[in-house]
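K.L.:
Here is my input; please provide its structure:
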Amino acid sequence: MSNNRLLVFPRSKPYGASRSETRGDVSHFDAYPTQVVDYLKLDIFDSQSGNPYNNVGGESTATVGSSIYLYLPPKISEQFSANYTNHKMGQTGNAALGIAQPGGMGEGFSDKVKAAATGAKAQLGFKMGSQAINAVVGATGGQSSLSANSLSALTQKRVFNPYEETTFEGMNYRKHNFNFKLVPKSAKDVEMISTIIKTLRVSMLPGSSKKMWLTIPDYFKISVIRYSDDGTTEKITAPGSKGGVLQDLYRFPTKLVLTDMNIDYAPDGNYASLKSFFGKTDNYSDYDYGPVSYNLSLSFSETALMVKNFYDPEYQYSEDGEWNWDDWNGDESETTTS
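P.N.:
Just a heads-up that it's a prediction; the model follows:
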């Protein structure tokens with residue numbers, strides 16, 4: 001992979017609302033070039049020269065092999081998913097946890113033990129009573145499914161407090177799915193789309209080393225970028241700064257891997273190929289400019305679980321082995337500890 005390749009699609013400026021020179025507000029009556037385009041930037045890193053992991057392997061000094069700029073797709077969203085588990089401890093379990101807490105063996109220890117024993121005795125009595133009733137009914141050919149709680153509800157009009165607690169178990173890994181429709185309008189567009197597809201394909205595949213080993217595929221970092229028409233790159237604004245709302249909200253703070261890639265060469269339901277972009281020719285069959293459009297679907301998976309440190313400045317710190325968002329600002333090299 002050649003170093004620092006910039007692959008951009010589309011390169012042409014879109015047309016949209018313009019700003020009034022006198023008032024600075026947005027005019028919705030005239031359409032002018034916006035001068036810049038907002039892209040999803042995919043930085044590709046070589047796992048063999050860099051470190052694809054987050055907790056092992058030490059500091060990574062990998063440089064960007066290629067940077068792919070694809071227009072922000074029509075649908076952009078993100079999801080956070082946490083795992084929680086509900087636990088029914090009962091009175092006995094709740095009392096036992098109280099004893100196990102720091103200081104639980106101190107003052108009031110004997111009262112806690114008595115409370116646990118009393119709770120266990122009462123619940124055990126109703127449990128044994130319900131089992132006995134179920135056995136008698138079953139022996140006479142009937143069916144009964146009484147529990148300690150149902151027996152207590154029928155006889156005492158109350159049930160045992162389950163003493164439920166909900167515990168945090170961790171976060172789920174996030175996936176990001178993007179869909180792009182790529183329509184070439186020039187021979188350069190055809191070449192650019194082809195190169196982007198080939199680059200992504202090679203990046204997600206492992207290499208073969210002496211037929212015995214498979215090398216780790218490349219890894220990615222993603223950011224929202226504003227790419228100017230003169231070919232220079234710049235952040236929309238720094239995260240958290242006034243004006244960079246999308247970039248501040250829509251972040252990709254960890255390394256990512258490309259898990260799924262789908263290319264549809266006939267997205268409109270019927271394959272059609274392009275003719276020459278160079279005007280008249282005697283034999284169009286001598287030229288192959290590929291499909292008139294492509295659908296490119298990409299699925300990325302994050303390689304680290306989301307934590308507050310990524311989003312809340314109060315939690316950001318740069319101790320060894322910890323990620324700091326400010327350590328990576330979209331530059332063409334990776335020098336962070338990650």
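
K.L.:
Do a quick rundown of the helices in the protein.
P.N.:
Assigned by DSSP state H, the helices in the chain fall at 90-100, 109-139, 148-156, 187-204, 245-249.

K.L.:
Of all the ones you listed, which one is nearest residue 43?
P.N.:
Shortest distance between residue 43 and the helices of the chain, using CB to CB, is found for helix 187-204: 10.7 Å. Every C-beta, even on glycine, is put in place using the N, C-alpha and C of the backbone.

K.L.:
Now do the closest one, average pLDDT.
P.N.:
Helix 187-204 carries an average pLDDT of 93.

K.L.:
What are the buried residues along that helix?
P.N.:
By neighbour count on 16 or more other CB atoms under 10 Å, the buried set for helix 187-204 is 189-190, 192-193, 196-197, 199-200, 203-204.

K.L.:
and if you look at stretch 165-184?
P.N.:
Under the neighbour-count criterion of 16+ other CB under 10 Å, stretch 165-184 has 174, 176, 178, 180, 182, 184 buried.

K.L.:
a markdown table for the residues you listed, including pLDDT and distance to residue 54?
P.N.:
Formatted as a markdown table, the buried residues of stretch 165-184 follow (pLDDT from 0 to 100; distance: CB to CB, whole Å):
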| residue | pLDDT | distance to residue 54 |
| --- | --- | --- |
| 174 | 94 | 14 |
| 176 | 95 | 17 |
| 178 | 96 | 23 |
| 180 | 96 | 28 |
| 182 | 94 | 32 |
| 184 | 90 | 38 |
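
K.L.:
Just grab the bridge partners of residue 299 for me.
P.N.:
residue 177, residue 260 (DSSP bridges).

K.L.:
Might you report the residue contacts of it?
P.N.:
Applying CB atoms under 8 Å, 6 or more residues apart in numbering, one finds that residue 299 lies in contact with 175-178, 258-261.

K.L.:
again, 7 Å this time
P.N.:
Residues touching residue 299, when contacts are defined by CB atoms under 7 Å, 6 or more residues apart in numbering, comprise 175, 177, 259-260.

K.L.:
Max pairwise distance over these: which two?
P.N.:
Across the contacts of residue 299, the longest distance by CB to CB is 9.9 Å; it joins 177 and 259.

K.L.:
just the strands in this protein please.
P.N.:
In the chain, the segments counted as strands under DSSP state E are 5-9, 15-19, 26-33, 36-45, 64-71, 82-88, 164-171, 175-182, 207-209, 213-215, 219-228, 233-235, 256-264, 294-302.

K.L.:
For the nearest residue to residue 153 once chain neighbours are set aside, grab the count of nearby residues.
P.N.:
Leaving aside its sequence neighbours, residue 153 sits nearest to residue 159 (CB to CB, 6 or more residues apart in numbering; 5.2 Å). Using other CB atoms under 10 Å, residue 159 has 14 neighbouring residues.

K.L.:
Same question for residue 133.
P.N.:
The tally of other residues near residue 133 (other CB under 10 Å) stands at 13.

K.L.:
Roughly how far does residue 164 sit from residue 192?
P.N.:
When distance is defined by CB to CB, to the nearest Å, residue 164 is 58 Å away from residue 192.

K.L.:
Please apply the same query to residue 253.
P.N.:
Using CB to CB, one gets 29 Å for the distance from residue 253 to residue 192.

K.L.:
Repeat that for residue 157.
P.N.:
Per CB to CB, residue 157 is found 75 Å from residue 192.

K.L.:
Give the burial count for residue 212, as a bare number.
P.N.:
Each residue near residue 212 was counted by other CB under 10 Å, and the total is 6.

K.L.:
try residue 37
P.N.:
The number of residues packed near residue 37 is 20, by other CB under 10 Å.

K.L.:
I'd like to know the predicted local confidence at it, please.
P.N.:
72.

K.L.:
Can you name the residues bridging to it?
P.N.:
Beta-bridge partners recorded for residue 37 (DSSP bridges): residue 227.

K.L.:
isn't it right next to residue 72, touching?
P.N.:
No - in this structure, residue 37 sits apart from residue 72 without contact. The criterion is CB atoms under 7 Å, and the distance is 8.7 Å.
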